[in-house]
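Trainee: need a 3D model of the sequence below.
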Amino acid sequence: MRVGFYINPQTPGPADDGRIIEEVLGQVDLAEQIGFDDVWITEHAFTGYNAYSDPMVLAAAISQRNRRLKIGFSIAIAPLHHPIRFVTQCNLLDRLSGGRLVVGIGPGNSPDEFRGYGYEAPERHAMVDEWIEAVEAAWGHTSTPNFSYGEKYWHGQVRGRVIPTPQQQPRPHIAWGTTTLETIIKVGKRGWSLLIGPQHESIVAPRLQAYARAMEEAGLDEATKARAWLDTGQLRQIYCAAPGENWRETIGEYIETYIRKSALANSGIDDLPKDDLERRKDSYLKNWLIAGTAEELIERLTPAARMGIAHLMCWFTFGHMPDALVRQSMLRFAADVAPVLAATKPEPGLVDRMVEEGVQAEMWRPR
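Mentor: Below you'll find the model as predicted:
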């Protein structure tokens, strides 16, 4: 398992945006220096849940200052991008980065974000279906001219070709973020990578099983399957504590800040009652955050490596956490946790055994 640096910093307000963006770029520099393999850029707007909002522009900046890291989106919200513009920008990013781009995409879900762009969130799945057809048409015409695309949401006719061509051929590799069985099967059959949220192994196992079976049933060749598994990864929010540190005390206020920001961004709730905050915090500490000493983190994270998840997207910067604290956590993780994960080999048949031992169908419910 390799480790990547996932970027989604919350911002307190307008006066802090620039500082946080500069801190994040410095943290990406540090991640490259201490051996991280990837940087993963997300997309959120309007609510303060994210300080930079635009993954394309940030990816372009990183491509020019960090020459080793693979650059991935986790995720770009497909319906909020014009498909032809998206392909054009991805092709240019792939050129600027020397072929290091992974195009991670998904439907998104935040009502406020969709309304901000003039859409309604319930439309997103129909939008995504049309969007995929359009981007595949565009990537099919980077060398050959003239094509039409779209129906309801986007439609047009390109006279000429999409310029530039990408460095990776026939297009940059695609990864897809989803929790639903139907979409996981589609992702596997297409040979795309699968991006997984911070769920427990009992939930992840049947998803990985369905993904692997879909690739087999589609008759994909070994090289295509290997490429798909290479960027199949899981997101985890992480704090690596020093020996003897009371991490609940150290990062307690940042945890509460993150929970409040998350509720606003994902549900539109801007004032959490105390009992709701406590309920969310209890779930967050059980299911979302992985915090503790290096030894405790290794115990929590090695099951994913044993299941065959190829990379871990590490989310260190959250809840207005100070830059110095983020860096200390990153340094401890790189020194003491990452080498153990890198040395942990996938265990053949483990996912099938986990499913057979009692993972219930209700685990497919999106979370």
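
Trainee: so what's Gly99 up against?
Mentor: Pro166, Gln167, Gln168, Pro172 (C-beta atoms under 8 Å, 6 or more residues apart in numbering). For glycine as for every other residue, the C-beta is placed from the backbone atoms N, C-alpha and C.

Trainee: and if we set it to 7 Å?
Mentor: Gln167, Gln168 (C-beta atoms under 7 Å, 6 or more residues apart in numbering).

Trainee: that one in helix, strand or coil?
Mentor: Put simply, Gly99 is coil when judged by DSSP: H, G, I helix; E, B strand; the rest coil.

Trainee: could you check how far it is from Val24?
Mentor: When distance is defined by C-beta to C-beta, to the nearest Å, Gly99 is 24 Å away from Val24.

Trainee: with Asp282 instead?
Mentor: Using C-beta to C-beta, Asp282 is found at 29 Å from Val24.

Trainee: who's more crowded, these two?
Mentor: Val24 (23 against 10; other C-beta atoms under 10 Å).

Trainee: you'd agree that one is in a helix?
Mentor: Yes - counting by three-state DSSP, Val24 is part of a helix.

Trainee: hang on, it packs against Thr317?
Mentor: Yes - Val24 lies in contact with Thr317 (C-beta atoms under 7 Å); the separation is 6.5 Å.

Trainee: who touches both of these two?
Mentor: With C-beta under 7 Å, 6+ apart, Val24 and Thr317 have common neighbours Ile7, Pro9.

Trainee: the stretch 101-250 of the chain: strands as residue ranges?
Mentor: Secondary structure of the stretch 101-250 of the chain by DSSP state E, counting those that start in this stretch: the strands cover 101-106, 147-150, 155-158, 173-177, 193-196, 233-240.

Trainee: out of those, which comes closest to Asp37?
Mentor: Closest approach to Asp37 among those (C-beta to C-beta): strand 233-240, 10.4 Å.

Trainee: tell me the pLDDT of the spatially most central residue of the chain.
Mentor: Taking C-alpha atoms, centre = their mean, the centroid of the chain lies closest to Ser74, which sits 2.6 Å from it. Reported pLDDT at Ser74 in the predicted model: 97.

Trainee: residues in contact with it?
Mentor: Going by C-beta under 7 Å, 6+ apart, the list of residues near Ser74 reads Tyr6, Trp40, Thr42, Gly104, Gly177, Leu195, Leu235, Met313.

Trainee: leaving out sequence neighbours, find the closest residue to it.
Mentor: Using C-beta to C-beta, 6 or more residues apart in numbering and skipping residues adjacent in sequence, the residue nearest Ser74 is Trp40, 4.1 Å away.

Trainee: so how far is Pro170 from the one you found?
Mentor: 23 Å.

Trainee: please apply the same query to Ile34.
Mentor: Ile34 is 35 Å from Pro170, by C-beta to C-beta.

Trainee: any idea how far Asp276 lies from Asn287?
Mentor: Counting by C-beta to C-beta - Asp276 and Asn287 are separated by 16 Å.

Trainee: distance of the most far-flung residue of the chain relative to its centre from Ser143?
Mentor: Outermost residue of the chain with respect to the C-alpha centroid, by C-alpha atoms, centre = their mean, is Arg159; its distance is 34.3 Å. The gap separating Arg159 from Ser143 is 15 Å, by C-beta to C-beta.
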